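In: fold the following.
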Amino acid sequence: MTLVIMILVAVLSAYGLEMYVKAHSENKMARREANSLQAVYAAEGGVAWSQVMLDEKDEFTGGTLTIGDGTVEVEVTPLEGGFQIISTATYGKAQRKIRAELVKEKDHWIMNKYQEIYRDG
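Out: Okay, the predicted model is just below:
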């Protein structure tokens, strides 16, 4: 009888450990996904910030911005008739990069290109 109880306790303990490990890994995946989305939103915020700064002065070349718990580095390069903006956001361990090309027509910014960059090169 004691052997049966010990086997039952061992099986239930193993099952409990398996459930804990599964829940923990799913929690990490959800956190990673949330950080990834926050980084995309922060990178888009960097593009919007660049538009505002370019309205103030055409010589704006970029800078660093803090949005919530994230950091955004923006590079602005003049193009013929507009600007290229590369916005790199880091949120937690997630990093996302967006490249956008903007032109100004009749006091409004028009985004000709928008690309999320997954790999440099």
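
In: centroid residue for this structure?
Out: Centroid-nearest residue in the chain: Ala39, 1.8 Å away (criterion: CA atoms, centre = their mean).

In: wait, that one sits on Lys93?
Out: No - here Ala39 does not reach Lys93: they are 9.4 Å apart, not a contact under CB atoms under 8 Å. All C-beta atoms are positioned from the backbone trio N, CA, C, and that covers glycine.

In: so where's this structure uncertain?
Out: Scanning the chain for pLDDT under 70 picks out the ranges 119-121.

In: can you give me the helices for it?
Out: Remark: helices assigned in the chain by DSSP state H are 2-56.

In: buried residues in the top strand by length along it?
Out: Counting by DSSP state E, the longest strand found in the chain is strand 94-105. Neighbour-count burial for strand 94-105 flags Ala94, Arg96, Lys97, Ile98, Arg99, Ala100, Glu101, Leu102 (criterion: 16 or more other CB atoms under 10 Å).

In: mind putting the residues you listed into a markdown table with distance to His108?
Out: A markdown table is the format used below for these (distance: CB to CB, whole Å):
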| residue | distance to His108 |
| --- | --- |
| Ala94 | 32 |
| Arg96 | 26 |
| Lys97 | 25 |
| Ile98 | 20 |
| Arg99 | 20 |
| Ala100 | 15 |
| Glu101 | 15 |
| Leu102 | 10 |
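
In: angle of the longest strand of the chain against helix 2-56?
Out: 20 degrees (axes from the mean of the first three to the mean of the last three CA atoms, to 10 degrees).
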